[in-house]
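Visitor: Here is a sequence together with a model predicted from it:
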Amino acid sequence: MFQPLARLPDDTILGLMSRFRDDPSPDKVDLGVGVYRDLSGATPILDCVHRAERLMLSVQATKSYVAAAGRAEFNEAAGELVLGSASPLAREGRVRIVQAPGGCGALRVGAELIRAAAPTATVHVSDPTWGNHTPLLGGCGLKLAKYPYYDAAAHELEFAAMLEHLDRAPAGDVVLLHACCHNPTGADLTLQQWREVADLLERRRLLPLLDLAYQGFGEGLEPDVAGIRLVVERVPEALIAVSFSKNLGLYRERLGALIAIGANAQEAETMRSQVLQIARGIYSMPPDHGAAIAAHIFGDPVLRDEWILELMAMRQRIVDMRALLARHLRERTGTRDFDFLESQRGMFSLLGCSGEAVARLRDRNHIYLLGDSRMNLAGILPGNVAYVADAIAALERPAG
């Protein structure tokens, strides 16, 4: 049966991880894989997570299933983090939340829900976008289209072109929007731009699919969802895929949620019933370990405050490394071509160089970026920033 199958190439990121791991060079630098790293280069378990996990394990009496929708107290807390504790949508009964195995699980279940409701709808994604958006959304049969978003050579948003494209999209189409810390560019919409997007979505009757993977890594827990709240208060329906991999450091626990917003309470409940049926056919029940940890953190004022402080420290470390790398590059190039690094948010930026230049950085300097020149700024450390800046500055055709 399986003999006709062809062997597929490794996933881009997983393949890069393997090459980095096998590289014996003591100078190697990993700017490719999208995980947070502290000043020692480790991806730590947060102190609040350690404490919550110990507490959770001390009172846990069973490993039986929790519920098809996941842990209720986690779902409620996730909704409040994203929509606010005083959300009018929640008061009107228009919000339903289902726990999912990571942000990826939330995106895929959301895509399946869209396909069930509107199989001919097109999902418009930013150009560029996170590489896994295509298989997660397109893999269920939905058609994808790209809208202009970012000029990698000029290091600036193409906002007018984005609006022009979306203004031509047929009613009933879907627009995927990065809520904050755009992956891979780090270039986010301003609040005024979010207002214009919300106006367009409402006027053109387009469904927003909002991907929130980095709440707290941009400007803070509340500012990072300001755009989401503007949009969902304007449109009758929306889907929000949420990940807690980064802001709680729970990568391997696969903790996420899909927030479904209906035009009214009855429609919201119908959406929930469909989501649960879709999930049943894919993974049956969501994992509970990460959700139990998160519920303890969100429900305990002391742990919650500790989490917020740890999250602030993670965000500030990336801000500091952005500024440090930009300063080193100003000194080495004598230009301000890399100042864009300081104005962007989150872990990622596009260096803006060619694939050949990315290969030279890898082969000559043992610096690993994705092929589109996406770099994870969390991989920049005080001990390697000068080395990385020297290598970038030595490229024959530097960005800018």
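Guide: Yep, that arrived.

Visitor: My guess is Ala389 contacts Met321. True?
Guide: No. Checked against CB atoms under 8 Å, the pair Ala389 and Met321 is beyond contact range at 11.5 Å. The way it works is simple: take the backbone N, C-alpha and C, and place the C-beta from them, glycine included.

Visitor: So for stretch 188-200, what gets flagged as buried?
Guide: Going by neighbour count (16 or more other CB atoms under 10 Å), the buried part of stretch 188-200 is 188-189, 194, 197-198, 200.

Visitor: contact partners of the helix or strand of the chain with the lowest mean pLDDT?
Guide: Sorting the helices and strands of the chain by mean pLDDT, DSSP states H and E puts helix 12-22 at the bottom, at a mean of 86. By CB atoms under 8 Å, 6 or more residues apart in numbering, the list of residues contacting helix 12-22 from outside reads 9-10, 28, 30, 32-34, 131, 362, 368, 370-371.

Visitor: Give the buried subset of those residues as a ChimeraX selection command.
Guide: Filtering the contacts of helix 12-22 down to the buried ones (16+ other CB under 10 Å) takes a single ChimeraX command:
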select :28,30,32,33,34,131,362,368,370
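
Visitor: Pipe the contacts of helix 12-22 into TSV and attach distance to Ser284 and pLDDT per row.
Guide: Shown next, in TSV, are the contacts of helix 12-22 (distance: CB to CB, whole Å; pLDDT from 0 to 100):
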residue	distance to Ser284	pLDDT
Pro9	31	85
Asp10	29	79
Lys28	41	95
Asp30	35	96
Gly32	33	92
Val33	29	89
Gly34	28	90
Gly131	27	91
Arg362	41	95
Tyr368	37	96
Leu370	33	93
Gly371	36	91
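
Visitor: Just send the contacts of helix 12-22 back as CSV, with distance to His182 too.
Guide: Below are the contacts of helix 12-22 laid out as CSV (distance: CB to CB, whole Å):
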residue, distance to His182
Pro9, 26
Asp10, 25
Lys28, 27
Asp30, 21
Gly32, 17
Val33, 18
Gly34, 13
Gly131, 13
Arg362, 24
Tyr368, 21
Leu370, 15
Gly371, 18
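
Visitor: which residues of the stretch 251-400 of the chain score low on pLDDT?
Guide: Low-confidence segments of the stretch 251-400 of the chain, defined by pLDDT under 70: 396-400.

Visitor: could you redo the last one with a cut-off of 90?
Guide: Scanning the stretch 251-400 of the chain for pLDDT under 90 picks out 395-400.

Visitor: What are the boundaries of the strands in the stretch 201-350 of the chain?
Guide: 207-212, 238-243, 255-261, 348-350 (DSSP state E, counting those that start in this stretch).

Visitor: Which one of these lies nearest to Ser85?
Guide: Closest approach to Ser85 among the strands of the stretch 201-350 of the chain (CB to CB): strand 255-261, 14.5 Å.

Visitor: ok, which stretches of the stretch 1-150 of the chain are helices?
Guide: For the stretch 1-150 of the chain, the helices defined by DSSP state H, counting those that start in this stretch cover 12-22, 47-59, 72-83, 88-91, 102-117, 133.

Visitor: coming back round to it: in strands only, show me the contacts of helix 12-22.
Guide: The strands, defined by DSSP state E, take in 30, 368 from the contacts of helix 12-22.

Visitor: which of the contacts of helix 12-22 lies closest to Ala313?
Guide: Gly34 (19.0 Å).

Visitor: Might one say that that closest one is in contact with Leu369?
Guide: No. Between Gly34 and Leu369 there is no contact under CB under 8 Å: 11.7 Å.

Visitor: ok, for Arg345, nearest residue in space, not its chain neighbours?
Guide: Leaving out its chain neighbours, the residue that sits closest to Arg345 by CB to CB, 6 or more residues apart in numbering is Gly218, at 4.1 Å.

Visitor: residues touching the one you found, list them.
Guide: Contacts for Gly218 were tallied using CB under 8 Å, 6+ apart; they are 180-181, 188, 224, 315, 345-346.

Visitor: Among the residues you listed, which one has the most neighbours?
Guide: Gly346 (30 neighbours; other CB atoms under 10 Å).

Visitor: That one contacts Pro184, doesn't it?
Guide: No. At 9.8 Å, Gly346 and Pro184 do not qualify as touching, with contact defined as CB under 8 Å.

Visitor: what about the stretch 101-250 of the chain, any weak spots by pLDDT?
Guide: 153.

Visitor: Could you list the domains of this structure?
Guide: With automatic domain parsing as the criterion, the domains of the chain are listed as 12-44+311-393, 50-299.
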